[in-house]
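K.L.:
Build me a structure from this.
(chains A and B)
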Amino acid sequence: MNAELHELAESIFGDAASNDTGFDAGVWATLEETGLARLTLPGEAGGSEGTLEDAAVVLAAAGAHAARVPLVETDLLAGWLLHTAGVPLPDGPLTAVAGELDVEGTTVRGELRRVPWARAAAGVAVLTGTRVVLLDPAAVEITEGTNLAEEPRDTVTVDGAAAAVVEAPDGAAAELRLRAALGRALLLAGAARAALAASVRYAGERVQFGRQIGRFQAVQQQLALAAGEVAAASAAASAAARVAADAGFAAPSTRLAVAAAKSRTGEAAGAVARIAHQVHGAIGFTREHDLRLWTTRLWAWREEDGSDAEWNTELGTTALAAGPAGLWPLITG
Amino acid sequence: MTATTLHRLPDLVPPPTELPPRTAALRAEVRAFLAEEQEAGRWTPRADVWLSGWDERFSRELGRRGWLGMTIPEEYGGHGASALDRYVVTEELLAAGAPVAAHWIADRQIGPTLLRFGTEEQRQRFLPGIARGEVYFGIGMSEPDAGSDLAAVRTRAERVDGGWELTGTKVWTSGAHHAHAFFALARSAPRDEQHRHAGLSQFIVLLDSPGVQIRPIPLLTGAHHFNEVVFDRVFVPDDMVLGEIGAGWKQVTSELAFERSGPERFLSTFPLLVSMLGELAGSTGIEREIGGLVARLWTLRRMSLAVAGSLESGQAPELAAAVVKELGTRYENEVIDVARLLVATPPDPGAEGGFPRLLADAVLHAPGFTLRGGTNEVLRGIVARGLGLR
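P.N.:
Numbering: from 1, shown residues only, chains lettered A, B, ... in the order given. Predicted structure coming up:
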């Protein structure tokens, strides 16, 4: 695959995971220097013109190292949305959200909830109705909130002039939703892999009843089940990135692939986190231990950008509409 | 913090594989043929068809159309196609619930194994008939004391003038009562506790050979698919030794990598899922359960394709294949669970077809899904070894 990019991402994120919370300015600076911060954007938007498959490699590594940076938000979401809408991109980390705002001319008013990394962003891109709005964080009120992993999920209150207001491109809402779900699925797959790796390592170190716990068949069976879930999560997320790269986000095959990937990574998240904690025993249940860096993200991310319930409903609706004769063509589409 | 040291995991799944665009036309052709056959009422979709659907007319028809022995070179009557072309044909047949059992083992395992390990004479003797859908094979690995633990095989092969004499008992041999021959794994050297896998060899045994007795082992449905095959000093000439004497274990495990990750490991109950959608037309409030099955199925197919692509490029991703089989066969059972939860129609083994019959077949065949080709527990052991835990 993309071995060099994988090495680069691993080296950048390698030391990222830590018990700190909040934006990791050091890692972000390196991402900007190496061109990974805006990997998939075109050159005129300051991007590196990478593919979605390149992004898949980098995001899986970001998830595996619990990197505290708005990479999906900057590259796949805000960068894409602003550039597609013809709005020049502000420098620095960005975030994006779809929400309802009152827009009159360039004056906007309203409240946006659970905006990822808003407090760290140099610009907040909002898709509201048929418009794309760019907000300057200095001109809005930010109330801090977090998800289960203590990642910023802030409330943004705006009442005044926006930095830009333009017409949204056709299909922007559908594509933004799919891009967010794909990015989240890739992060989930990375975090699931890291939680498994931590558990396998711990099982090889921890001694109980006179043996390493990894020598017990019961523990081996559980870790093998977790490995199956990690394999499924990785396969689903990377295959969805491949389908999106080949067919584009407007294609029905991409909609199905992303829905399946987000649902399947969400399912894997719960199983892997449960087994990882069971294998770690009480120490993994403490704040001082690193395991929580991955398991809290697994629990947080599986609900974000469309929960299992939402995507499964969509997949089920699609399958029922396709009917008995249409189900297999849908899967192979 | 030691995050950098956390990523020494083996590759659990190969990179994504896309089917080449040329396969679209092939898929359309197979689909049209299957629709035509079904409309003509030549067979009824069933669950677990690669065990239950023995139909020699159907197999010969596939052979006539060039859809058997696809990866066998033309000089042996095959079609020199890629494994991915074969994958497309196979998944279409299974998804439709078509009767593929007669040629299944010959096409899936025997052909590729003869190409890898067989002599020129063996290839010429068997491959053209396999590609025509006229020559059927079984697999003789399991024994009463050796299921997933093949090192425990006790069937003896004694050296005699001009060949070997086999004595022992094989069990769970699908289709042996119809098949022409099978591959028998036997112990050609005394057992060595230090090297349990040494001294095993494979032989091609013609099932009408003197000294071969075939007895049915009825399934719990009463259906006859499995057999006990008893050898009483069955002579196998030297030219019917498969591969090298003593290399049986290596040969068999290389077959297993091909066998474990195919679409038959998650499509056994797909005809039931299709039928369930028909039963549920117009229902609401059931989308989430159906959607969950679709997400898992889509993912399993992508995993299976990734392994197929990896095999095509010459690798043998044993770990990934074990993962696909473990997840896939559990999925086959999950389809039954959801069908039972969402459709309040009892199974009926006497029905001609449709949901009640598919549910009955699926429930009664389900125990086999997670046993054949290595139990799930044994597969998880393989995965644990791959993770470095044993």
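K.L.:
Assign residue B:378 to helix, strand or coil.
P.N.:
Judged by DSSP: H, G, I helix; E, B strand; the rest coil, the three-state class of residue B:378 is helix.
K.L.:
gap between it and chain A?
P.N.:
10 Å (CB to the nearest CB, to the nearest Å). In this view, the C-beta of every residue, glycine as well, is placed from N, C-alpha and C.
K.L.:
Just give the closest residue to that residue, not the sequence neighbours.
P.N.:
residue B:148 (4.2 Å; CB to CB, 6 or more residues apart in numbering or on different chains).
K.L.:
Make sure the one you found is indeed in a strand.
P.N.:
No - going by three-state DSSP, the assignment for residue B:148 is coil, not a strand.
K.L.:
Angles on the backbone of it, please.
P.N.:
Main-chain torsions, residue B:148, degrees, to the nearest 10: phi -70, psi -20.
K.L.:
isn't it right up against residue B:376?
P.N.:
No - if you go by CB atoms under 8 Å, residue B:148 and residue B:376 don't touch, sitting 9.9 Å apart.
K.L.:
Could you check which of the two is surrounded by more residues?
P.N.:
residue B:376 (21 against 17; other CB atoms under 10 Å in any protein chain shown).
K.L.:
Contacts only, for the more buried one.
P.N.:
Shown in contact with residue B:376 (CB atoms under 8 Å, 6 or more residues apart in numbering or on different chains): B:326, B:329, B:330, B:370.
K.L.:
neighbours around residue A:45, how many?
P.N.:
17.
K.L.:
List the contacts of it.
P.N.:
Counting by CB under 8 Å, 6+ apart, the residues that residue A:45 touches are A:38, A:79, A:82, A:83, A:89.
K.L.:
Show me which residues of stretch B:329-348 are buried.
P.N.:
For stretch B:329-348, the neighbour count (16 or more other CB atoms under 10 Å in any protein chain shown) marks B:329-336, B:338-340, B:343, B:347 as buried.
K.L.:
State the distance from the residue nearest to residue B:378 to chain A.
P.N.:
Residue B:148 is 14 Å from chain A, by CB to the nearest CB.
K.L.:
per-residue confidence for that residue?
P.N.:
Residue B:148 carries a pLDDT score of 82 in this model.
K.L.:
Next one, pLDDT for the closest residue to residue A:171 other than its chain neighbours please.
P.N.:
Nearest non-adjacent residue to residue A:171, counting by CB to CB, 6+ apart: residue A:250, 6.1 Å away. We note a pLDDT of 97 for residue A:250 in this prediction.
K.L.:
Name the helix or strand of chain B that has the lowest mean pLDDT.
P.N.:
Taking mean pLDDT, DSSP states H and E as the measure, chain B has helix B:248-260 as its least confident helix or strand, at a mean of 82.
K.L.:
and the next element down the chain from it?
P.N.:
helix B:270-279 (DSSP states H and E).
K.L.:
Regarding the residue nearest to residue A:171, what is its secondary structure?
P.N.:
Going by three-state DSSP: residue A:250 is coil.
K.L.:
My understanding was that residue A:229 contacts residue A:274; is that so?
P.N.:
No - assessed by CB under 8 Å, residue A:229 is found out of contact with residue A:274, at 9.9 Å.
K.L.:
What is the three-state secondary structure of the closest residue to residue B:133 other than its chain neighbours?
P.N.:
Leaving aside its sequence neighbours, residue B:133 sits nearest to residue B:63 (CB to CB, 6+ apart; 3.0 Å). Under the three-state scheme (three-state DSSP), residue B:63 adopts helix.
K.L.:
ok now do residue 108, which residues does it touch?
P.N.:
Let's take chain A. Applying CB under 8 Å, 6+ apart, the residues contacting residue A:108 are A:101, A:102, A:126, A:128, A:133, A:135, A:158, A:159, A:160, A:161, A:162, A:165.
K.L.:
ah, I was thinking of chain B
P.N.:
B:90, B:258, B:259, B:262.
K.L.:
Nearest to chain A among those residues?
P.N.:
Lowest distance from chain A to the contacts of residue B:108 (CB to the nearest CB) belongs to residue B:90, with 12.3 Å.
K.L.:
tally of neighbours for the closest one?
P.N.:
Around residue B:90 there are 24 residues (other CB under 10 Å).
K.L.:
cool, and residue B:50?
P.N.:
23.
K.L.:
Does the helix or strand harbouring it reach chain A?
P.N.:
Using DSSP H and E, residue B:50 sits in helix B:49-52. No - contact of helix B:49-52 with chain A (CB under 8 Å from any CB of the partner chain) is absent, the minimum separation being 14.3 Å.
K.L.:
can you pull out the helices in the stretch 201-333 of chain A?
P.N.:
A:217-247, A:252-280, A:291-301, A:308-332 (DSSP state H, counting those that start in this stretch).
K.L.:
Take those helices and write them to a markdown table, including distance to chain B.
P.N.:
Below are the helices of the stretch 201-333 of chain A laid out as a markdown table (distance: least, CB to the nearest CB, whole Å):
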| stretch | distance to chain B |
| --- | --- |
| helix A:217-247 | 4 |
| helix A:252-280 | 4 |
| helix A:291-301 | 9 |
| helix A:308-332 | 3 |
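K.L.:
mind putting the ones you listed in JSON lines, mean neighbour count and distance to residue A:67 included?
P.N.:
Formatted as JSON lines, the helices of the stretch 201-333 of chain A follow (neighbours: other CB atoms under 10 Å in any protein chain shown; distance: least, CB to CB, whole Å):
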{"stretch": "helix A:217-247", "mean neighbour count": "25", "distance to residue A:67": "16"}
{"stretch": "helix A:252-280", "mean neighbour count": "25", "distance to residue A:67": "17"}
{"stretch": "helix A:291-301", "mean neighbour count": "24", "distance to residue A:67": "10"}
{"stretch": "helix A:308-332", "mean neighbour count": "19", "distance to residue A:67": "24"}
